[in-house]
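J.: Kindly generate the corresponding structure for this input.
(chains A and B)
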Amino acid sequence: MSAEDTHGSAEVAARVERRWATVAVIIIVMMALLAAFAGIHRATMPQPRVETTDPSRIHLSGEFVESNLGSVLEANGNVTVRAIGQQYSFTPACIVVPADTPITMRATSADVVHGILIQGTNINTMLVPGYISEQLMRFTRTGDYLMPCQEFCSFGHEGMWGKVKVIDKTEFADRAKGGGRLNCVGQ
Amino acid sequence: MLANRKLILAHFWLAFGVFGIALTLGAWQMFIRSPIGTWLSNPELYYRSLTAHGTVMGYVFPTLVAMGFGYAISESALEQRLVGVRWAWTGFWLIVAGSITAVIPIALGRASVLYTFYPPLIGNVFYYLGVVLVVVGSWIWVALMAINLRVWRKAHPGAPVPLAMFANVAGSYLWAWTAVGAALELLLQIIPVAAGLKATIDAGLARVFFSWTLHAIVYFWLMPTYIAYYTIVPRAIGGRVYSDSMARISFILFLVVAMPIGMHHTFADPMVGAGFKFIHSAFTALVALPTLLTVFTICASVEIAARLRGGRGMFGWMKALPWDNPMMLALAFSFVMLGFGGAGGLINMSYQLDASIHNTQWITGHFHLIFGGAIVIMYFAIAYDLWPHLTGRELIDIRLIRTQLWLWFIGMIITTFPWHWVGILGMPRRMAYFDFGDPAIAPQALSVAFSAIGGFILLASGIMFIVVLARGMRAPQTDAGPYRFAVAVHQATTVPVALNTHALWVALMIALTLTNYGYPILNLALGGGTSVPAVYVGAQ
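T.: Numbering: from 1, shown residues only, chains lettered A, B, ... in the order given. Down below sits the predicted model:
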């Protein structure tokens, strides 16, 4: 092989390589743009804001006192769910919500790090003590969903399973007439 | 020529010894929580085992492999006796001491916090001190790699640093910096609480610190594997490296962009805002670039080997590859697992898709496929390749080696594919027990049973691996000759300064970490009011 051949083949090698590198960069830029597009259109995106709360006082006053936990029908027809996780259960252990309704779930932890995952949905968030997690959700099908804790929270973690009961919209409205905070514990 | 064989062998034997123990624990865990196991009446034993498994596989095993391999690279690629052998032994014994210090509280059930720590759960202080000792021991190795390269540079001014050593030193710098996140979490937050000096801790800040370590540590585990792809595989199968400079660019990219991306582990967390989550997501996409470049370069290098062996045609050359060569086999398996694992990784790091699989069994399946599969199978290949040079004896069980690699690959696929599937179904991770009698969980039972069977195939393969190495210590003596690395098609005689030194890239790595982590960390640290009481494990 002469020196010129070597030079020529090195050029070919570099050209092929550059082409591949360009393709790779385009793939990556496309992925980032798609994520930005979907995020800006709020098709789906992680929790945007940071809110804090004092876990040593949540049972005494404020949003997460026991009497305020559960589901509430807001004036605009939306539903807000408030829940807490503690070793090794959720309160309320059974969350009741209507179908086809925009729902905001606000939750926090009273002790260690927990997580909320509703099986069969994309609803999945961490509960970190000191911080409030907020998830927007909407169920299209009625029925029961399992809601396990998805982060290790010490030795009872495997027993920390909650439930979500999605009921018909009108049925929920009927039950909400009495006021208060709804749940489906024991039903 | 390898002068300090004993040092390197000590690292490898300790690495593979603890790997064997952790592998056994892992198989037991798979079994006990599957429907074929019997219900574990004391779930605490499961978390004890899980803490040991994660701590060994995450911190001790890969670090020792990187260190032993690093010393071997330094001596053989630079053709220079290791400088600082006494320090190297000090580092080794620190790791031994650290591992023992950490394992005692784990075994006693006083530190079942899992290797990710996640405060406010707090375990026995000696567990954390043990982990710190392991990291300090490995930092001695980082310093030694830098010093050895500097000594070589003085003797060879302006000469291109051999690719293997260039990559090895890049990997050591990556580790030094990525370990800082967990070190800050341990020293500033956890250890004061574990020692009883403080009673409260900010769990959100701790998770951000840990994410600093949690992602780039994966690229530190990956480094020996990528070094093997570029500098061992082409030589072992009779080929050439397609491009020396592309290899250097890949390692530089790992060094720079592996770091400032860890917050994609906190997409579902409430303590970080959406802006930084998006930035970290975009940077994580960037880290796919060096892997895409590597896949191209290695496939091209393998094709060169095939064509040199008479391979022809668009794809027909694949038949000409030396498929009976363990290195070829390991590479092929590694690439298949890297392909699937990498595709899964793109889902995990996606700003949106992450929500559907966050903290499910999908994640465990993902990192076992990438780390346990694509990375560890190349650790095996590295050990097989180096062993004759370390022992002066031939590895005679080539058939057993091939069977071992096949079993590891099959076992890993059987373990991780169903694991991914139940993750999509929403099965949460890190649970000692599942009630398969529940109609909503029953459909996952079969998949979990398959995973457990895969776990035992992996255990069988791991035992074979250790048998091969142990038999290799007593095989007939042979002269393996000097340990060599692959050469490039166009071997560089001069390399641009930017591709021959690390300073600029280390500066960029630190700067990017500060821009991507500085504000969130300061915000959380100075915000105040979010510290919560510690919950001591084993105290109940």
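
J.: Which secondary structure elements does the helix or strand bottoming out on mean pLDDT in chain B sit against?
T.: Across the helices and strands of chain B, the lowest-confidence element by mean pLDDT, DSSP states H and E is helix B:274-286, at a mean of 88. Helices and strands touching helix B:274-286, by 3 or more C-beta pairs under 8 Å, 6 or more residues apart in numbering or on different chains; DSSP states H and E, are helix A:3-40, helix B:244-257, helix B:326-349, helix B:503-527. C-beta here means a position set from N, CA and C on the backbone, and glycine is covered the same way.

J.: Out of those, which gets the lowest mean score?
T.: Within the helices and strands packed on helix B:274-286, the least confident segment by mean pLDDT turns out to be helix A:3-40, at a mean of 81.

J.: hmm, back to that, in the least confident helix or strand of chain B, what counts as buried?
T.: By neighbour count, with 16 or more other C-beta atoms under 10 Å in any protein chain shown as the criterion, the buried positions of helix B:274-286 are B:274, B:276-278, B:280-286.

J.: do stretch B:425-434 as well
T.: B:425-434.

J.: now, which of these lie close to chain A?
T.: When contact is defined as C-beta under 8 Å from any C-beta of the partner chain, the buried residues of stretch B:425-434 meet chain A at B:425-426, B:428-434.

J.: what secondary structure does the closest residue to residue B:332 other than its chain neighbours sit in?
T.: Distances taken as C-beta to C-beta, 6 or more residues apart in numbering or on different chains put residue B:323 closest to residue B:332, at 8.0 Å, once the chain neighbours are dropped. When the structure is reduced to helix, strand and coil (DSSP: H, G, I helix; E, B strand; the rest coil), residue B:323 reads as coil.

J.: Now residue B:65: phi and psi?
T.: phi -60, psi -50 (degrees, to the nearest 10).

J.: can you pull the contacts of residue 88?
T.: The chain I'm using is chain A. With contacts defined as C-beta atoms under 8 Å, 6 or more residues apart in numbering or on different chains, residue A:88 is in contact with A:149, A:153-154, A:156-157, A:159-160.

J.: that's the other chain; I wanted chain B
T.: When contacts are counted by C-beta under 8 Å, 6+ apart, residue B:88 is found next to B:4, B:7, B:71, B:82, B:140-141, B:144.

J.: of those, buried ones?
T.: Buried subset of those (neighbour count, 16+ other C-beta under 10 Å): B:4, B:7, B:71, B:82, B:140-141, B:144.

J.: so which of those residues comes closest to chain A?
T.: Top of the list for closeness to chain A, among the buried ones among the contacts of residue B:88 and by C-beta to the nearest C-beta, is residue B:141 at 30.8 Å.

J.: OK, contacts around the closest residue to that closest one other than its chain neighbours?
T.: Closest residue to residue B:141 in three dimensions, ignoring its sequence neighbours and counting by C-beta to C-beta, 6+ apart: residue B:67, at 4.5 Å. Taking C-beta under 8 Å, 6+ apart as the criterion, residue B:67 is in contact with B:11, B:91-92, B:138, B:141.

J.: Secondary structure of residue B:67: a helix, I assume?
T.: Yes: Residue B:67: assigned to a helix according to three-state DSSP.

J.: ok, the spatially most central residue of chain B to residue B:348 distance?
T.: What sits nearest the mean C-alpha location of chain B, by C-alpha atoms, centre = their mean, is residue B:221, with 2.4 Å. When C-beta to C-beta, to the nearest Å is applied, the distance between residue B:221 and residue B:348 equals 16 Å.

J.: do residue B:250 as well
T.: Plainly put, residue B:250 is 21 Å away from residue B:348 if you go by C-beta to C-beta.

J.: Would you check how far apart residue A:179 and residue B:497 are?
T.: When C-beta to C-beta is the yardstick, residue A:179 and residue B:497 sit 74 Å from each other.

J.: low-scoring pLDDT stretches of chain A, where are they?
T.: Per-residue confidence of chain A (counting by pLDDT under 70) places the weak regions at A:1-7, A:42-44.

J.: can you give me the helices for chain A?
T.: Applying DSSP state H to chain A gives helices spanning A:3-40, A:169-176.

J.: For chain B, list the residue farthest from the centre, please.
T.: Furthest out from the centre of chain B (C-alpha atoms, centre = their mean) sits residue B:439, at 37.7 Å.

J.: centre of the chain versus whichever strand or helix holds residue B:134, how much separation?
T.: Counting by DSSP states H and E, the element that carries residue B:134 is helix B:125-155. Here helix B:125-155 is found 17 Å from its chain centre; the criterion is C-alpha atoms, centre = their mean, to the nearest Å.

J.: Give the buried residues for that helix.
T.: For helix B:125-155, a neighbour-count test (16+ other C-beta under 10 Å) marks B:125-142, B:144-145, B:148-149, B:151-152 as buried.

J.: do stretch B:26-43 as well
T.: Here stretch B:26-43 shows B:26-35, B:37, B:40, B:43 as buried, counting by 16+ other C-beta under 10 Å.

J.: from those residues, which is closest to chain A?
T.: Out of these, the member with the shortest distance to chain A (by C-beta to the nearest C-beta) is residue B:43, at 5.5 Å.

J.: any idea whether the residue lying closest to that closest one once chain neighbours are set aside is helix, strand or coil?
T.: The spatial neighbour of residue B:43 that comes closest, neighbours along the chain excluded (C-beta to C-beta, 6+ apart), is residue B:432 at 3.6 Å. For residue B:432, the secondary structure call by three-state DSSP comes out as coil.

J.: you'd agree residue B:432 is up against residue B:41?
T.: No: using C-beta atoms under 8 Å, residue B:432 is not in contact with residue B:41, being 10.4 Å away.

J.: In a markdown table: the contacts of residue B:88, plus distance to residue B:162.
T.: Supplementary listing: the contacts of residue B:88 in a markdown table, determined by distance: C-beta to C-beta, whole Å:
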| residue | distance to residue B:162 |
| --- | --- |
| B:4 | 18 |
| B:7 | 20 |
| B:71 | 15 |
| B:82 | 15 |
| B:140 | 22 |
| B:141 | 18 |
| B:144 | 17 |
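
J.: could those go into CSV alongside pLDDT and distance to residue B:469?
T.: Putting those into CSV (pLDDT from 0 to 100; distance: C-beta to C-beta, whole Å) gives the following:
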residue, pLDDT, distance to residue B:469
B:4, 93, 18
B:7, 97, 17
B:71, 97, 18
B:82, 96, 22
B:140, 98, 25
B:141, 98, 22
B:144, 98, 25
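
J.: How about stretch A:52-60 and chain B, touching?
T.: Yes: contact between stretch A:52-60 and chain B, assessed by C-beta under 8 Å from any C-beta, occurs at A:52, A:54-56.
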